[in-house]
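Peer 1: Next input, structure requested:
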Amino acid sequence: MADRTLRGSRIGSTSLQGEAGVELSPRRSVEYLTDSGKRFTVVFDADAEPPPEWADQRTGEIGFLDDEAGQAAREEFEGKGTTQRTPWDMLIERRSREELEELLDERLKLLRARRGSAEPE
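Peer 2: Reported below is the predicted structural model:
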């Protein structure tokens, strides 16, 4: 019996529930402005506090609110700089280059000893 009722329907791809009687929560559109001057809109719940910065889904650019909170977020973002710390930067913060060279030599000696190969002169 169950096989006959599901035959011909696409389970999982479409909803069998109608939209009649469904009331959506109140929403509001918030506009963001990118550095290139492009404006894009994001829809939030009416009660939600919109973040001062948001990434545009199409271009990936960071957009800021066009108000005081957005201006403060933009200044903070620019103050941080756009460069990210790489693993090499973090390593150099912890150890000097001389220490790293010593560690490298120790590890190479250990690996060569395991392989049984002689050290180069």
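Peer 1: so what does the helix or strand harbouring residue 105 touch, helix or strand wise?
Peer 2: Using DSSP states H and E, residue 105 sits within helix 97-115. Here helix 97-115 touches no other helix or strand, going by 3 or more CB pairs under 8 Å, 6 or more residues apart in numbering; DSSP states H and E. C-beta coordinates here come from the backbone N, C-alpha and C atoms, glycine included.
Peer 1: quick one: that helix to chain centroid distance?
Peer 2: 36 Å (CA atoms, centre = their mean, to the nearest Å).
Peer 1: is the nearest residue to residue 58 once chain neighbours are set aside in a bridge, and if so with what?
Peer 2: Spatial nearest neighbour of residue 58, chain neighbours left out: residue 40 (7.4 Å); criterion: CB to CB, 6 or more residues apart in numbering. Note on residue 40: beta-bridge partners by DSSP bridges are residue 32.
Peer 1: quick one: contacts for residue 40?
Peer 2: 31, 32, 34, 56, 57, 58, 63 (CB atoms under 8 Å, 6 or more residues apart in numbering).
Peer 1: In helices, which of those residues fall?
Peer 2: Secondary structure assignment by DSSP state H places none of the contacts of residue 40 in helices.
Peer 1: Just the buried subset of these, written out for PyMOL, thanks.
Peer 2: Provided next is the PyMOL selection string for whichever of the contacts of residue 40 are buried by 16 or more other CB atoms under 10 Å:
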select buried, resi 32+34+56+63
